[in-house]
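> Sharing a model that was predicted from the sequence below.
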Amino acid sequence: MAVMMRLTAEQYRKLPILANNSTCSGKTYIVTGGNSGLGLETARHLVEFSSARVILAVRNLSSGEKAKSEIEKSTGRKGVVQVWHIDMASNASVQAFAKKASEELDRIDGLVLNAGIMIDNWALAEGMESSIQVNVVNTLFLGTLMMPKLSEDARKLGTHPTLVFIVSVLGYTVKAEMDKSRQGSIFDGLNDQKKANMDSRYALTKLVEELAVRQFAALCPVEKTGVVVNMVAPGLCSTGLGGDVRTFTKIMHEGIRAMMARSAEVGSRTILHGLVAGEESHGKLLSGCKIKEYWVPGWVSNAEGQRLQKGIWTELVERLESVQPGCISQIS
Ligand SMILES: NC(=O)c1ccc[n+]([C@@H]2O[C@H](COP(=O)([O-])OP(=O)(O)OC[C@H]3O[C@@H](n4cnc5c(N)ncnc54)[C@H](OP(=O)(O)O)[C@@H]3O)[C@@H](O)[C@H]2O)c1
């Protein structure tokens, strides 16, 4: 619970905007879920700071177009935002997006893997519980599929493109829920409706995502790939997240949010920090615009946590390699 106390204290701290014209001018960024909440505010800042191109990767194109008009109106900059389709619940859609981005963009400086869902009803997407599919499997899939392009740009341009995963420290509160799936296949356990407590499912997806990213980053050091991979926990923010959850979870989240949530704009500053944090942030947790590795609980970082991290990664690799052979072996 120490981390929740730290998070609560930090919610009231003023956050700096660490990106600016000199960090973003002429650059290209992709933000998944860029049509709303934290993604929209991140994209708006990137446009404001003279980026050459900002791609909103969205599942609903009309919502993406609406976000584009809003950004153009508030920043006064047209011809920068593009709206591209991606459905993070679908392997094929993620593959198609990665192919298009790799082939059509002359450079990518930052990819923010922000799209995510908080649900508490059990539903499947391509055979996997849908929030695990969106927040974990396909988020890691998109990140790994984009690595060759990001790496090539790093070499070509002498830059460090950055891959920012959006996690949540709520993940550190669900050790007991994670423990239910440690025996046998981890993903089979996560996909077992009888074992699942859906009130803590969102937090569990964010824990599994973080553990997978930690292993991914460990296997892809910046010295080898030229790419910085980090994780941003934006803190509690007022967005549309969890809009469809049942009463119990809703009251909890909305009650806490009403007391201490940041606006989406303030939350987006933590993501901007992720984009400019550089090599020293590789593989690390960032929150409140600082590196916060000391927030990571011992059970995540100790030998047992490392075993879990490696186990999650090994199973994820098996799944993703069966969808697209070679997608992981090409990066590590
Ligand atoms: N808000 C917080 O307090 C908080 C705290 C910690 C971490 N986060 C993380 O921050 C990220 C952004 O969330 P938010 O708070 O800004 O909530 P949000 O406003 O609900 O944004 C989520 C975005 O993800 C998109 N998305 C969901 N499923 C998708 C799919 N299958 N394919 C493509 N896009 C999809 C949504 O698209 P639609 O508009 O079409 O639904 C939306 O644009 C999430 O990863 C969340 O877990 C949020």
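Cool, the structure landed.

> who in this structure is up against the ligand?
33, 35-39, 59-60, 63, 86-89, 114-117, 134, 166, 168, 233-234, 236-237, 239-241 (C-beta under 6 Å from any ligand atom). Every residue, glycine included, has its C-beta placed from N, CA and C.

> out of those, which are buried?
Among the residues of the chain next to the ligand, those classed as buried by 16 or more other C-beta atoms under 10 Å are 33, 35-39, 59, 63, 86-89, 114-117, 134, 166, 168, 233-234, 236-237, 239, 241.

> I'd like to know which of those residues are part of helices.
Those of those mapping onto helices are 37-39, 63, per DSSP state H.

> Just the ones of the residues of the chain next to the ligand in strands?
166, 233, 237 (DSSP state E).

> just so I have it, where are all the strands in this structure?
28-32, 53-58, 81-85, 110-113, 124-125, 128-129, 162-166, 228-233, 237-238, 262-263, 285-287, 290-291.

> Pull the number of nearby residues for residue 276.
Using other C-beta atoms under 10 Å, residue 276 has 17 neighbouring residues.

> ok, now how distant is it from the ligand?
Residue 276 sits at a distance of 18 Å from the ligand (criterion: C-beta to the nearest ligand atom, to the nearest Å).

> try residue 2
From residue 2 over to the ligand the distance is 18 Å, taken as C-beta to the nearest ligand atom.

> How many residues are close by that residue?
Number of residues near residue 2 (other C-beta under 10 Å) recorded here: 9.

> Contacts only, for it.
Residues near residue 2 by C-beta atoms under 8 Å, 6 or more residues apart in numbering: residue 297.

> give me phi/psi at residue 235?
Here is the backbone geometry of residue 235 (degrees, to the nearest 10): phi 80, psi 180.

> I'd guessed it sits against residue 264; true?
No: applying C-beta atoms under 8 Å as the test, residue 235 and residue 264 come out as separate, 11.2 Å apart.

> Now do residue 254, the pLDDT please.
Reported pLDDT at residue 254 in the predicted model: 69.

> just for the protein, where's the confidence low?
Along the chain, segments meeting pLDDT under 70 span 1, 247-255, 258, 332.

> Counting neighbours, what do you get for the nearest residue to residue 123 once chain neighbours are set aside?
Nearest residue to residue 123 in three dimensions, chain neighbours excluded: residue 130, at 4.7 Å (C-beta to C-beta, 6 or more residues apart in numbering). The tally of other residues near residue 130 (other C-beta under 10 Å) stands at 19.

> Lovely, talk soon.
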